[in-house]
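1. Provide a 3D model corresponding to the input given below.
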Amino acid sequence: MYKNLAAALAAACVLSPAFSQQPAPPVKAAFVYVAPLTDAGWVRQHDQGRLAVEAALPGQVKTSFVENVAEGPDAERVIRDLAMQGNQIIFTPSFGYMEPTLKVAREFPNVKFESVTGYKTAPNVAASNARYYEGRYLAGIAAGRMATEAGYVAGFPIPEVVQGINAFTLGMRSVNPKASVRVVFLGEWFNPPRERDAAMSLMNQGAEVLAFHTGSNAVMVAAQERGKLAVAYHSDMRKVAPDAQVVAVTHQWGDYYTRRVKAVMDGSWKSGSVWGGVREGMIRVEGFGSKVPPKVQQEVLDRQKAMAAGKLAVFTGGKAGVKDNEGRTVIPPGRSLDDAAILGMNWFVSGVIGQVSR
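-> Numbers count the residues shown, from 1 in each chain. Okay, the predicted model is just below:
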């Protein structure tokens, strides 16, 4: 019937789906981490998101990551290398990666980029962030039930950090009007020895409970050693601070990352901005420590449910309004801040001991 084997094979390719429908190669997705990958913290939560992508899309995605990449020229070099290696989507979760991501994206218009915690977009660059401040407010309620003087170790006075400090203070003062929060800025995100030193200094100044917006678990370890309390951030840190941990504000990136990789796979990926919180499942409080009374735990969980249902807003003036720590009204009575005002926040609420650089 066939004059030669080549003709037979050609016919088979037409007749058999096995020959004509080969599986698509896996999507290549890369992640750039600003600090080393450790057992807990900012980088750990993003890596948990990466692993969630692999679990949700077995055989359909191939992920990789580069850790401990400094913001600036190093980040630009690494992001460019990942694009040249054929990655179809690159996640860059650090505020200081925003400009390097945008620069490299212009050179690789067919690669998709996800600027996580950035706010600038481009046709092939999407921005995303989480409303961390919502978890901070809830953690503040727990802290305020157990302490009056708090210390807060932070990286930089950018709006994201300022939002968290203010929300934590408002949460504390909603149940303990005399609560105060003393802030120390380090000028860097990840430096465990300096984070520890700042925590020790704050405890020496009377802090009974600590919070932080830095990249390691050093503050938690310091609180555990000194017999004080602390709020874990990014991850549950009871492993290193079983007695100190009050609660953990955890970041949940797996669902978002999976949806974005799927969008690359099916061709539906579009640029845009996402800012999700408790309602969207990107932020939650969990991991109460052994010293937190059940009544306090339930109070916080009830408030979290109210927030998820849209019945609790953090930055609202209520009946009396909200003043900053210099006495100016920043949220009038009966009013709430819109997203633009929250994103540009450059003041501290009353109760915060510290200044925002302007």
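2. what's the helix or strand for Val285?
-> According to DSSP states H and E, Val285 maps onto strand 283-286.
3. Who are the packing partners of the helix ranked longest in the chain?
-> If you go by DSSP state H, the chain has its longest helix at helix 159-175. On a contact count with 3 or more Cβ pairs under 8 Å, 6 or more residues apart in numbering; DSSP states H and E, helix 159-175 meets helix 132-146, strand 149-154, strand 180-185, strand 209-213, helix 339-343, strand 352-353. C-beta coordinates here come from the backbone N, C-alpha and C atoms, glycine included.
4. So which of those is the most surrounded?
-> Looking across those with neighbours counted as mean count of other Cβ atoms under 10 Å, the highest average goes to strand 209-213: a mean of 29.
5. Given that strand, what are its sheet partners and their directions?
-> According to DSSP bridges, strand 209-213 forms sheet pairs with strand 149-154 (parallel), strand 229-234 (parallel).
6. and it with helix 132-146, angle?
-> 170 degrees (axes from the mean of the first three to the mean of the last three Cα atoms, to 10 degrees).
7. And for strand 209-213, what's in contact with it?
-> By Cβ atoms under 8 Å, 6 or more residues apart in numbering, the surrounding residues in contact with strand 209-213 are 136, 139, 143, 146-147, 149-155, 161, 164-165, 168, 181, 195, 199, 202-203, 219, 222-223, 228-231, 233, 246.
8. picking up where we left off before, and the strands paired with strand 209-213 as CSV, adding mean pLDDT and distance to Asp81?
-> As requested, those are arranged in CSV below (pLDDT from 0 to 100; distance: least, Cβ to Cβ, whole Å):
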stretch, mean pLDDT, distance to Asp81
strand 149-154, 98, 31
strand 229-234, 96, 26
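9. Turn these into CSV, including distance to Gly281.
-> Below are those laid out as CSV (distance: least, Cβ to Cβ, whole Å):
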stretch, distance to Gly281
strand 149-154, 25
strand 229-234, 16
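10. where does the stretch 151-300 of the chain have low pLDDT?
-> Applying pLDDT under 70 to the stretch 151-300 of the chain flags no residue at all.
11. Domain map for the chain?
-> Domain assignment for the chain by automatic domain parsing gives 27-129+253-272, 132-251+282-353.
12. Tell me the spacing between the residue nearest to Val349 when sequence neighbours are not counted and Pro157.
-> Once flanking residues are discounted, Val349 sits nearest to Asn166: 4.7 Å by Cβ to Cβ, 6 or more residues apart in numbering. Separation of Asn166 from Pro157 (Cβ to Cβ, to the nearest Å) stands at 12 Å.
13. out of the two, which sits in the busier spot?
-> Set Asn166 next to Pro157 and count neighbours by other Cβ atoms under 10 Å: Asn166 wins out with 30 against 19.
14. who are the neighbours in contact with the residue minimising distance to the centre of the chain?
-> Centroid check for the chain by Cα atoms, centre = their mean gives His251 as the closest residue, at 5.2 Å. His251 sits next to Trp42, Gln45, His46, Ala130, Tyr132, His234, Ser235, Met282, Ile283 when contact means Cβ under 8 Å, 6+ apart.
15. Test my guess that the second one contacts Trp253.
-> Yes - with contacts defined as Cβ atoms under 8 Å, Gln45 counts as touching Trp253 at a distance of 6.2 Å.
16. got the angle between the longest helix of the chain and strand 229-234?
-> 140 degrees.
17. could you dump helix 159-175 to CSV, C-alpha only?
-> Extracted in CSV, the C-alpha atoms of helix 159-175 (Å, rounded to 0.1, in the frame of the first residue of the first chain):
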residue,chain,number,x,y,z
PRO,A,159,4.6,53.4,53.0
GLU,A,160,4.2,49.7,53.2
VAL,A,161,6.2,49.6,56.5
VAL,A,162,4.5,52.8,57.8
GLN,A,163,1.1,51.3,57.2
GLY,A,164,2.0,48.2,59.3
ILE,A,165,3.4,50.2,62.2
ASN,A,166,0.2,52.4,62.2
ALA,A,167,-2.1,49.5,61.9
PHE,A,168,-0.4,47.6,64.7
THR,A,169,-0.6,50.6,67.0
LEU,A,170,-4.3,51.2,66.2
GLY,A,171,-4.9,47.5,66.9
MET,A,172,-3.2,47.7,70.3
ARG,A,173,-4.9,51.0,71.2
SER,A,174,-8.3,49.6,70.2
VAL,A,175,-8.1,47.4,73.3
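18. report the angle between the axes of it and strand 180-185?
-> 160 degrees.
19. Understood, closing this out.
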